[in-house]
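A.B. asks: next input, structure requested:
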Amino acid sequence: MRSLPEAPPHALPSRAAAAAGLSLRRYDGTRRRLALGFAARLPRGAGARMPVDPSGASAVLRAANAILTKRVLRGVVPVLVVTEFPASARVANFFRRGAAIGGTPGAALDPRVGPTDRIPVIRKARSSAFTNPELERCLRMHGVTELYVLGVFAEGCVRATVRDARRRGYSVTVIVDAIATNARWKLRIALWAMRRAGATLLSTAAAAEAAKSPDLAG
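C.D. replies: Numbers count the residues shown, from 1 in each chain. Next up, the predicted model:
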């Protein structure tokens, strides 16, 4: 798989992008893909709120943009998920250090994720993407049974979405080199938990290779 250019550390956005990809298999046996992206800006430096490891964030960005530009998993139907906490949740927002409050830049799509023209956006206020009924409706509309997942935070949105997907009977593949968090031990625990939930763990290259089959051409 051809890699996107590595972004120098100073070029990283002030907040790291989160993205997740879902591979969709129709009930009639054919497959389609849906890129479900948790896209948020995470401040870095002394005043950082919920920072992500820079190298991990860069890997997520490369994988997400490779999907959006159809360099890999060409059958993908992209959907972006944005975490947007209500301003009225003052106590919870305090403990979240004011991250991703609706109406602030923190709840906007990261500008380095793209292209995003005509890409549906699902907004959520809790970890799992399934807490917004719109996601379930979208998957049912396409007759989905299989999902690929990638993004940040590994132990938060990614793990919660994988868990809920498995509980709903979806087959799930986690793209292990395209999920990120802020500590290696959190990543290890998240991977363990997702494997235990029944997800398959694959690299981007392995997932792209596994996805090459006649029913994915369209």
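
A.B. asks: in this structure, where's the longest strand?
C.D. replies: Across the chain, the longest stretch assigned as strand under DSSP state E is strand 171-180.

A.B. asks: what packs against that strand?
C.D. replies: Applying 3 or more Cβ pairs under 8 Å, 6 or more residues apart in numbering; DSSP states H and E, one finds that strand 171-180 contacts strand 20-25, helix 54-68, strand 146-152, helix 159-167, helix 184-196, strand 200-202, helix 204-210. Yep, even glycine has a C-beta here, placed from its N, CA and C like the rest.

A.B. asks: and those as JSON lines, adding mean pLDDT and mean neighbour count?
C.D. replies: Shown next, in JSON lines, are the helices and strands packed on strand 171-180 (pLDDT from 0 to 100; neighbours: other Cβ atoms under 10 Å):
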{"stretch": "strand 20-25", "mean pLDDT": "42", "mean neighbour count": "27"}
{"stretch": "helix 54-68", "mean pLDDT": "87", "mean neighbour count": "23"}
{"stretch": "strand 146-152", "mean pLDDT": "85", "mean neighbour count": "27"}
{"stretch": "helix 159-167", "mean pLDDT": "95", "mean neighbour count": "22"}
{"stretch": "helix 184-196", "mean pLDDT": "96", "mean neighbour count": "16"}
{"stretch": "strand 200-202", "mean pLDDT": "94", "mean neighbour count": "17"}
{"stretch": "helix 204-210", "mean pLDDT": "83", "mean neighbour count": "17"}
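
A.B. asks: can you say which of those is nearest to residue 85?
C.D. replies: Across the helices and strands packed on strand 171-180, residue 85 has its closest neighbour in helix 159-167 (15.0 Å, Cβ to Cβ).

A.B. asks: which other helices and strands contact the closest one?
C.D. replies: In terms of contacts (3+ Cβ pairs under 8 Å, 6+ apart), helix 159-167 is packed against strand 146-152, strand 171-180, helix 184-196.

A.B. asks: now the second one and helix 54-68, what's the angle there?
C.D. replies: Same thing as strand 171-180. Per axes from the mean of the first three to the mean of the last three Cα atoms, to 10 degrees, the angle that strand 171-180 makes with helix 54-68 is 130 degrees.

A.B. asks: wait, isn't residue 195 in contact with residue 201?
C.D. replies: Yes. Between residue 195 and residue 201 there is a contact under Cβ atoms under 8 Å: 5.9 Å.
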